[in-house]
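>>> no letters, just coordinates:
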């Protein structure tokens with residue numbers, strides 16, 4: 001059983017010994033000032049990643065492992081520019097059967113089968129028969145659903161864990177239902193359809209058996225166009241699916257990234273598309289915030305270390321003393337992560 005996780009290494013003093021299994025994320029060959037080769041590795045587990053350096057016996061270890069291999073590392077904790085890393089003394093490949101994959105790949109806190117049941121309930125409540133049939137075709141596609149309930153929503157930014165795509169999609173659908181209470185003119189069936197389908201292309205854009213990375217299809221085509229292809233295929237299985245409705249569904253998928261700078265082929269131009277983009281972004285940013293506060297290893301205090309994804313420091317406390325004196329309402333980052341999705 002794995003005993004030393006990446007998040008724990010931040011608390012280990014320099015010079016202390018690390019000996020455990022990790023998943024190789026990246027390998028980079030470099031040359032020292034004296035001309036001798038060395039390896040820079042990035043390894044990880046479900047709690048994060050850490051940089052490692054192999055200075056000696058590079059030729060001996062170089063061919064013994066590859067990216068996405070599990071390895072046993074023996075080394076010493078050091079620090080470079082204030083960030084902990086491992087100086088590797090020994091490394092060897094470990095058979096997949098010798099490890100628990102769940103120690104290395106983060107998994108949703110929510111039960112996958114319960115999320116699938118929740119998805120089914122949402123689909124059953126769709127009143128538009130064409131949209132309900134469209135979503136049902138995806139739901140009844142066993143190959144699709146197996147991937148949909150397993151895939152992460154991103155490689156490393158938000159909901160980057162097994163089951164993250166389904167969790168994120170249901171979360172956005174729930175937010176859509178809340179918005180409908182404020183804006184009666186919203187076509188809620190269309191909006192929820194977009195919430196469920198907007199990221200489905202990620203089941204093929206990403207690979208997620210061990211670590212998370214992009215497939216060739218993901219790099220060359222991307223989840224937006226993949227998703228549109230998948231939806232068009234289902235349209236063909238529904239007799240007399242209205243062309244205008246099909247266009248609106250495709251627009252939701254094509255425009256959900258919001259801006260050209262964020263990789264969106266089109267900007268949102270319908271009310272439902274504008275709402276979907278913003279709720280999608282909200283779900284992502286809240287997840288980034290929660291993850292950052294949960295895993296932050298910055299200095300002690302009210303603020304996190306600088307968060308690259310959000311481009312700012314994050315305030316760790318929900319309330320300040322100036323807002324309320326009710327200490328029962330004050331909570332730390334851990335409490336934020338305990339809020340339920342359903």
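In hand now; what should we look at? Everything numeric in this text was worked out from a predicted model, so none of it was measured.

>>> which residue ranges of the stretch 101-250 of the chain form helices?
112-124, 129-140, 142-148, 164-180, 188-197, 202-205, 216-220, 223-235, 243-255 (DSSP state H, counting those that start in this stretch).

>>> now those as a markdown table including mean neighbour count, distance to residue 16 and mean pLDDT?
The C-beta positions use only the backbone N, C-alpha and C, and glycine is treated the same way. Compiled in a markdown table, the helices of the stretch 101-250 of the chain are given as follows (neighbours: other CB atoms under 10 Å; distance: least, CB to CB, whole Å; pLDDT from 0 to 100):
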| stretch | mean neighbour count | distance to residue 16 | mean pLDDT |
| --- | --- | --- | --- |
| helix 112-124 | 15 | 38 | 96 |
| helix 129-140 | 18 | 50 | 98 |
| helix 142-148 | 15 | 41 | 96 |
| helix 164-180 | 21 | 33 | 96 |
| helix 188-197 | 25 | 47 | 98 |
| helix 202-205 | 23 | 39 | 96 |
| helix 216-220 | 12 | 39 | 96 |
| helix 223-235 | 18 | 42 | 98 |
| helix 243-255 | 18 | 50 | 98 |
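
>>> dump those into JSON lines; add distance to residue 38 as well.
Conversion of the helices of the stretch 101-250 of the chain to JSON lines gives the following (distance: least, CB to CB, whole Å):
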{"stretch": "helix 112-124", "distance to residue 38": "42"}
{"stretch": "helix 129-140", "distance to residue 38": "49"}
{"stretch": "helix 142-148", "distance to residue 38": "39"}
{"stretch": "helix 164-180", "distance to residue 38": "35"}
{"stretch": "helix 188-197", "distance to residue 38": "47"}
{"stretch": "helix 202-205", "distance to residue 38": "34"}
{"stretch": "helix 216-220", "distance to residue 38": "29"}
{"stretch": "helix 223-235", "distance to residue 38": "37"}
{"stretch": "helix 243-255", "distance to residue 38": "45"}
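
>>> those helices: which one's closest to residue 266?
Of all those, it is helix 243-255 that lies closest to residue 266, at 4.6 Å by CB to CB.

>>> just checking, which helix or strand succeeds that closest one along the chain?
Heading C-terminal from helix 243-255, the first helix or strand you meet, by DSSP states H and E, is helix 271-295.

>>> list the helices and strands that following helix packs on?
Where contact means 3 or more CB pairs under 8 Å, 6 or more residues apart in numbering; DSSP states H and E, helix 271-295 is packed against helix 164-180, helix 188-197, helix 243-255, helix 333-336.

>>> need the contact list for the most centrally placed residue in the chain.
Closest to where the C-alpha atoms of the chain average out (CA atoms, centre = their mean) is residue 160, at 1.6 Å. By CB atoms under 8 Å, 6 or more residues apart in numbering, the residues touching residue 160 are 106, 152, 153, 154, 212.

>>> enumerate every residue touching the closest residue to the third one other than its chain neighbours.
Excluding the flanking residues, the one nearest residue 153 by CB to CB, 6 or more residues apart in numbering is residue 159, at 3.5 Å. Each residue near residue 159 by CB under 8 Å, 6+ apart is listed here: 152, 153, 165, 167, 168, 283, 284, 287.
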